[in-house]
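# Next one to model:
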Amino acid sequence: MFKDITESEAFKLGVELFRMVSPIARSFRGPDAEKAAAQLLQAAESVPANIAEGYGKGYCPDFVRYLRIALSSAGEVHGRLISSLVGQRSTLIEETQLAIRQVRRTRSLIQGLIRYVEREIERRKRKPA
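I've put the predicted structure just below:
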C-alpha cells in the first residue's frame with residue numbers, strides 16, 4: 001500500500017484540510033467565535049492525527065478504529081463548516097465552500113481506506129502461517 005503514512009492520500013487531504021480550516025476559524029465573528037474556532041481547529045487537527053496514530057498500530061482492528069475516529073472528526077469539521085455558513089459566522093465564504101468540498105473528498109478517502117484495511121486484516125487472517 002504505502003511505506004509511510006505521509007504517502008496516504010487520506011492523510012495528505014487531512015493535513016490540507018487543517019491548513020484550509022485555520023484561516024476560516026480565525027475569521028469567525030460573533031458570540032462564542034473563539035470557542036467555535038477552537039472546536040473546528042481541534043476537529044480538523046484530529047483527522048490526520050488519528051490516521052497517523054492508527055497507521056502506527058499496523059494492520060489490525062485498532063487501525064480501523066482510529067480511521068473511524070478520523071472519519072467522525074471529518075464529519076464534525078463538515079458540520080461546523082456548514083454551520084459557520086448558515087450562521088454567517090465565517091467571513092471567508094468562498095474558502096469555507098472549498099473546505100466543505102475538501103472535507104467531503106477527505107471523508108470519501110478515509111472510507112475507502114477503512115474498507116481496504118478491513119479487507120487486508122481478513123486476508124491476513126486467512127493466510128497460512
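
# Not counting sequence-adjacent ones, nearest residue to A38?
A25 (7.7 Å; CB to CB, 6 or more residues apart in numbering). Quick note: C-beta positions are derived from backbone N, CA and C, even for glycine.

# Just want the phi and psi numbers for the one you found.
Here the main-chain torsion angles of A25 (degrees, to the nearest 10) amount to phi -60, psi -40.

# Would you confirm that it contacts A37?
Yes: contact criterion CB atoms under 8 Å: A25 and A37 qualify, at 3.8 Å.

# Distance check, I82 against R101.
12 Å (CB to CB, to the nearest Å).

# Between those two, which is the more surrounded one?
Using other CB atoms under 10 Å as the criterion, I82 and R101 rank with I82 on top: 14 against 10.

# Give the other helices and strands that the helix or strand A70 falls within contacts.
Using DSSP states H and E, A70 sits within helix 61-86. Other elements packing on helix 61-86 under the criterion 3 or more CB pairs under 8 Å, 6 or more residues apart in numbering; DSSP states H and E are helix 9-26, helix 33-55, helix 93-126.
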